[in-house]
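Chemist: Turn this into a structure:
(one chain, ligands or ions: 1)
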Amino acid sequence: MCGIVGYIGNRNATDILIDGLTKLEYRGYDSAGVAVFSNSEIKVCKEKGRLLNLCEKLEKDPITGNLGIGHTRWATHGAPSEVNSHPHTSMDGKIAVVHNGIIENFEQLRSMLKEKGCYFKSETDTEVIPHLINMYYEGDIFNAVKKAVAQLEGSFALGVISKDEPDKLIATRKQSPLIVGLGKDENYIASDIPAILSETKDVYLLDDGELAVLTRDGVTLYDSEGNEVTKEIYKVTFSENAAQKEGYDHFMLKEIHEQPRAIADTLRGRLSLDLPVKFDDLDGELIKKFKKIYIVACGTAYHAGLIGKTAIERLAKVPVSVELASEFRYNNPLIDSETLVIAISQSGETADTLAGMRLAKECGAYVLSITNVVGSSVSRESDTTFYTYAGPEISVASTKAYTTQLASLYLFAMFLAENKGTLTDAELSDIKSELYNMPQAIEEALKLEDEVKELSKKIYKEQDIYYLGRGVDYAVAMEASLKLKEISYIHSETYAGGELKHGPIALIEDGTVVIAVSTDKSISAKMDSNIKEVVTRGAYTICFANEETKASHESSHVVVMPNRSSVLAPITSIVPLQLLAYYVAINKGYDIDKPRNLAKSVTVE
Ligand code: M6R
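Modeler: All right, here's what the predicted structure looks like:
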């Protein structure tokens with residue numbers, strides 16, 4: 001959560017910081033601030049609420065300078081307010097800090113610092129950092145930061161500037177992402193690549209514990225002991241445009257439409273019709289030894305895991321347990337060296353998923369991660385990583401990350417099936433060809449946009465909307481329901497069709513909206529019965545079906561989607577359901593890309 005940007009060079013730092021923060025606002029948006037070295041002092045400007053509020057304040061009282069740090073916040077310690085927003089400063093205002101993460105021992109540090117005479121202005125954990133750096137400062141800001149971070153427990157990405165050394169910007173991180181951007185006579189720091197993509201494509205991905213000293217002329221990297229280290233420059237391959245809306249009204253809509261491209265990119269070089277499936281570095285022999293698989297993830301990635309379970313069990317015949325990462329490590333999972341743990345995370349920075357992975361590794365499991373962010377913590381801490389190539393996902397509501405996670409899990413299931421010999425050549429060939437043609441099937445599904453848009457007008461005023469499904473359709477319905485509640489704030493629940501009679505049917509009354517997903521011919525008759533049960537009680541039903549399953553003529557409306565075999569159907573059937581959630585929220589006039597109370601990446605427990 002939260003976004004960081006920093007600049008040192010010859011241009012006006014404030015402009016660059018605001019530009020970077022604009023691109024990072026999806027990381028957090030309850031307050032924002034900048035600290036810029038200007039006229040021999042550090043000037044701080046911060047404001048509660050959206051970045052626009054900060055911009056208005058800066059317009060009235062501009063700050064100019066060539067060195068600065070900026071932050072956009074999603075509150076963890078201390079309510080959203082001007083005083084709690086970053087940057088935070090030392091008492092004398094000589095040192096300013098921006099921070100992402102949580103300092104777990106801040107209370108002890110705060111007491112210690114208070115005893116030494118420090119007073120605190122905010123309720124944040126962060127404020128201990130500038131005081132601590134100040135305590136260690138003896139004319140060398142780098143050394144002071146190094147000593148201070150050695151005292152910090154928890155997670156942090158930090159940008160630090162000092163009034164007494166205005167030719168330096170210091171950066172460091174632990175369990176929270178931070179990159180250094182390289183320019184000509186200027187350099188940058190940022191928590192995410194899009195923040196500085198308009199300035200440079202050459203970056204250093206800082207590792208845990210590393211420190212960077214940026215000057216106008218260069219960047220020097222150090223390990224936590226202060227020894228100089230070298231590392232390769234990472235060349236960003238996606239364009240700045242990829243991080244922008246490209247003419248769509250919202251990132252979410254753009255990202256929904258990007259799905260054919262994202263799936264094609266994820267499959268490219270890994271799936272071909274006449275060669276074995278390639279799963280990057282994963283060893284086909286090694287993978288056969290695992291007797292059990294856990295999939296560990298949160299939110300949408302967890303929903304992808306539910307579908308991955310069905311695919312792996314059906315194609316490769318290995319038992320899979322799907323676990324919410326936030327529960328996993330408290331449930332004493334039965335892990336040993338014959339266990340494979342698959343961690344799925346778009347951002348690669350979700351704290352619960354990382355914690356689950358760490359536990360799995362401690363217990364001897366082999367950890368495979370599926371993530372969208374190169375160099376993310378999840379990828380660094382796993383034994384092997386499979387990258388989805390969705391490109392940056394900006395909308396808080398995840399769409400293209402989900403379908404690329406599905407494509408990756410299908411590939412994994414095929415890879416495992418091929419190595420274990422659990423499918424006939426004909427079965428393998430059919431399923432490969434279906435996945436291979438998935439981008440075109442998604443194009444077909446996107447053509448349902450107008451129909452779904454019209455439907456959204458009929459349901460957007462509802463207070464409650466229920467989803468139904470069976471098998472993989474149940475998991476798709478859960479994801480569809482999450483999308484709806486995330487951005488339209490409509491209360492929504494999902495039920496397995498067969499469970500209705502065990503309680504939830506009591507909720508159905510005249511006009512209740514029920515959305516059913518029914519793509520599996522083998523169980524569509526059962527789904528039809530469930531639809532009839534709610535229709536009889538007055539429900540307004542919309543059924544997302546296909547040519548083979550659309551018989552549920554009792555539904556008030558049937559949306560006919562492309563035919564897919566049951567195990568692969570979710571990757572197309574979620575598309576019109578994503579669009580439905582989008583248009584319902586549009587009708588309600590809500591902030592689609594930045595829904596209330598949510599942040600893109602949940603880097604705290
Ligand atoms: O970055 P991750 O995939 O680990 O994020 C997991 C969840 O926080 C995320 O999927 C969340 O549920 C989305 N907002 C859903 O749209």
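Chemist: For the stretch 501-605 of the chain, list the residues in contact with the ligand, please.
Modeler: Residues of the stretch 501-605 of the chain lying close to the ligand by C-beta under 6 Å from any ligand atom are 598, 601, 602. In short, each C-beta sits where N, CA and C put it, glycine included.
Chemist: now do 5 Å
Modeler: Taking C-beta under 5 Å from any ligand atom as the contact definition, the stretch 501-605 of the chain meets the ligand at residue 602.
Chemist: what's the answer for the chain, then?
Modeler: So the chain meets the ligand at 298, 299, 300, 301, 345, 346, 347, 350, 397, 398, 602 (C-beta under 5 Å from any ligand atom).
Chemist: and which of these is nearest to residue 513?
Modeler: residue 397 (19.8 Å; C-beta to C-beta).
Chemist: Got phi/psi on the closest one?
Modeler: In terms of degrees, to the nearest 10, the main-chain angles of residue 397 are phi -80, psi 120.
Chemist: That one - how many residues pack around it?
Modeler: 29 (other C-beta atoms under 10 Å).
Chemist: which residues touch whatever residue of the stretch 51-200 of the chain ends up closest to the ligand?
Modeler: Nearest residue of the stretch 51-200 of the chain to the ligand: residue 177, at 11.6 Å (C-beta to the nearest ligand atom). Contact analysis of residue 177 by C-beta atoms under 8 Å, 6 or more residues apart in numbering lists 100, 157, 191, 192, 349, 373, 375, 376, 377.
Chemist: pLDDT value on the residue nearest the centre of the chain, please?
Modeler: Centroid-nearest residue in the chain, with C-alpha atoms, centre = their mean: residue 347, separated by 3.7 Å. Looking at residue 347, its pLDDT is 91.
Chemist: quick one: the strands in the stretch 451-600 of the chain?
Modeler: Using DSSP state E, counting those that start in this stretch, the strands of the stretch 451-600 of the chain run over 464-469, 491-496, 513-517, 540-546, 557-561.
Chemist: Can you add mean pLDDT and mean neighbour count and give those back as CSV?
Modeler: CSV is the format used below for these (pLDDT from 0 to 100; neighbours: other C-beta atoms under 10 Å):
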stretch, mean pLDDT, mean neighbour count
strand 464-469, 98, 24
strand 491-496, 97, 19
strand 513-517, 97, 27
strand 540-546, 95, 24
strand 557-561, 94, 20
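Chemist: To residue 210, which of these lies closest?
Modeler: strand 491-496 (43.4 Å).
Chemist: Show residues contacting the closest one.
Modeler: Defining contact as C-beta under 8 Å, 6+ apart, one finds that strand 491-496 is touched by 463-470, 474, 477-478, 480-481, 484-485, 504.
Chemist: ok so, going back, in strands only, show me the contacts of residue 177.
Modeler: 100, 157 (DSSP state E).
Chemist: Of the contacts of residue 177, just say which sits nearest to residue 135.
Modeler: Nearest member of these to residue 135, counting by C-beta to C-beta, is residue 157, at 21.1 Å.
Chemist: Surely that closest one touches residue 103?
Modeler: No - using C-beta atoms under 8 Å, residue 157 is not in contact with residue 103, being 11.9 Å away.
Chemist: Any regions of the stretch 101-250 of the chain where pLDDT drops low?
Modeler: 241-243 (pLDDT under 70).
Chemist: Can you name the residue of this structure nearest to the ligand?
Modeler: Counting by C-beta to the nearest ligand atom, the chain gets nearest the ligand through residue 299, at 1.9 Å.
Chemist: Spit out the contact partners of that residue.
Modeler: 398, 482.
Chemist: got it, and the one 10 residues further on?
Modeler: When contacts are counted by C-beta under 8 Å, 6+ apart, residue 309 touches 295, 320, 321, 322.
Chemist: Considering the residues you listed, which possesses the most neighbours?
Modeler: Going by other C-beta under 10 Å, residue 295 tops the contacts of residue 309 with 27 neighbours.
Chemist: Surely that residue touches residue 323?
Modeler: Yes - counting by C-beta under 8 Å, residue 295 touches residue 323, with 6.9 Å between them.
Chemist: And for residue 593, the neighbour number?
Modeler: Look at residue 593: counted by other C-beta under 10 Å, it has 20 neighbours.
Chemist: Below-threshold pLDDT in the stretch 501-605 of the chain: ranges please.
Modeler: Scanning the stretch 501-605 of the chain for pLDDT under 70 picks out the ranges 552-553.
Chemist: how about the helices of it, start to end?
Modeler: 524-536, 570-588 (DSSP state H, counting those that start in this stretch).
Chemist: deepest of the ones you listed, which one?
Modeler: Comparing the helices of the stretch 501-605 of the chain by mean neighbour count (mean count of other C-beta atoms under 10 Å), helix 570-588 ranks first with a mean of 26.
Chemist: the inter-axis angle of that helix versus strand 557-561?
Modeler: 130 degrees (axes from the mean of the first three to the mean of the last three C-alpha atoms, to 10 degrees).
Chemist: returning to that earlier point: between the helices of the stretch 501-605 of the chain, which gets nearest to residue 456?
Modeler: Here helix 570-588 is closest among these (C-beta to C-beta), at 3.5 Å.
Chemist: by contact count, what packs against the lengthiest helix in the chain?
Modeler: In the chain, assigned by DSSP state H, the helix with the most residues is helix 400-420. Here helix 400-420 touches helix 259-267, helix 284-288, helix 299-316, strand 339-345, strand 366-371, strand 384-387, helix 425-436, helix 570-588, going by 3 or more C-beta pairs under 8 Å, 6 or more residues apart in numbering; DSSP states H and E.
Chemist: looking at those, which is buried most?
Modeler: Among the helices and strands packed on helix 400-420, strand 339-345 has the highest mean neighbour count (mean count of other C-beta under 10 Å), at a mean of 28.
Chemist: Can you list the strands that that strand pairs with?
Modeler: strand 292-297 (parallel), strand 366-371 (parallel) (DSSP bridges).
Chemist: What's the mean pLDDT across the first one?
Modeler: Computed over strand 292-297, the mean pLDDT rounds to 97.
Chemist: Ramachandran angles for residue 170?
Modeler: Torsion angles, degrees, to the nearest 10, at residue 170: phi -110, psi 140.
Chemist: So it is in contact with residue 157, correct?
Modeler: No - judged on C-beta under 8 Å, residue 170 makes no contact with residue 157 at a distance of 12.0 Å.
Chemist: quick one: contacts for residue 34?
Modeler: Residue 34 neighbours (C-beta under 8 Å, 6+ apart): 13-14, 17-18, 21, 44-46, 54, 58, 63, 68-71, 87.
Chemist: Could you rerun that using 7 Å?
Modeler: Applying C-beta atoms under 7 Å, 6 or more residues apart in numbering to residue 34 gives the contacts 14, 17, 45, 68, 70.
Chemist: Tell me which of the strands paired with strand 339-345 sits nearest to residue 246.
Modeler: strand 366-371 (23.7 Å).
Chemist: avg pLDDT for that closest one?
Modeler: So the average pLDDT for strand 366-371 ends up being 97.
Chemist: Quick one: the strands of the stretch 451-600 of the chain as JSON lines, columns for distance to residue 435 too.
Modeler: Output for those, formatted as JSON lines (distance: least, C-beta to C-beta, whole Å):
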{"stretch": "strand 464-469", "distance to residue 435": "21"}
{"stretch": "strand 491-496", "distance to residue 435": "26"}
{"stretch": "strand 513-517", "distance to residue 435": "20"}
{"stretch": "strand 540-546", "distance to residue 435": "17"}
{"stretch": "strand 557-561", "distance to residue 435": "17"}
